[in-house]
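[1] take a look and give me a structure for this.
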Amino acid sequence: MDLLLHRGEKPGMFKLVLAWEAFKDWLSTTVHLTHWGLHVVVGLVLLVVFGRLMRRPLRSFLPLAPIAALEALNEISDFTRYYVSDWPWTPTATAIEVALTLVPPTIVIVLAKCWPLFEEAAASLWFRLRFPPRREHIYVRTRRQKRLK
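    Numbers count the residues shown, from 1 in each chain. Model (predicted):
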């Protein structure tokens with residue numbers, strides 16, 4: 001470790017990590033969102049962007065792959081920052097950030113996959129409420145019972 005940081009110089013990778021952290025802090029204060037709120041928003045935005053770039057429908061899981069890769073790079077940079085500067089690192093924060101980035105897009109994809117089922121059920125329910133089922137037999141009361149169809 002001392003070989004990397006001797007004479008007060010920081011390695012290129014660590015400079016990049018610090019620049020990335022500064023950008024995330026700036027973005028968080030600019031848009032008035034917490035760090036974890038940014039993970040949710042960026043995950044959803046990237047789902048739409050990668051879905052359009054890959055020309056995949058919203059119900060495809062394929063756009064999650066680059067999102068997961070970018071999140072892994074982000075967590076590696078966070079770990080590097082903690083490791084080099086001797087800050088305490090906990091896997092809990094990493095797990096929360098990964099979940100906040102990947103779970104909302106996954107929920108959107110699952111809902112998009114199930115949407116035709118919801119739409120069909122809603123249409124069927126609306127039709128039943130609007131037009132009650134037709135009675136098969138209508139009985140007319142006269143002197144004797146007649147069965148009409």
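
[2] OK, contacts around the residue sitting nearest the centre point of the chain?
    Geometric centre of the chain, nearest residue: Pro105, 1.9 Å, by Cα atoms, centre = their mean. Residues counted as contacts of Pro105 (Cβ atoms under 8 Å, 6 or more residues apart in numbering) are 43-44, 46-47, 63-64, 67. In this view, the C-beta of every residue, glycine as well, is placed from N, C-alpha and C.

[3] for the helix or strand where Ala122 lies, buried residues please.
    Using DSSP states H and E, Ala122 sits within helix 91-130. Neighbour counts using 16 or more other Cβ atoms under 10 Å place 94, 97-102, 104-105, 108-109 of helix 91-130 among the buried residues.

[4] rewinding a little: got a markdown table for the contacts of Pro105, with neighbour count and pLDDT too?
    Below are these laid out as a markdown table (neighbours: other Cβ atoms under 10 Å; pLDDT from 0 to 100):
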| residue | neighbour count | pLDDT |
| --- | --- | --- |
| Gly43 | 25 | 96 |
| Leu44 | 16 | 96 |
| Leu46 | 18 | 96 |
| Leu47 | 21 | 96 |
| Pro63 | 22 | 96 |
| Leu64 | 19 | 96 |
| Ile67 | 21 | 97 |
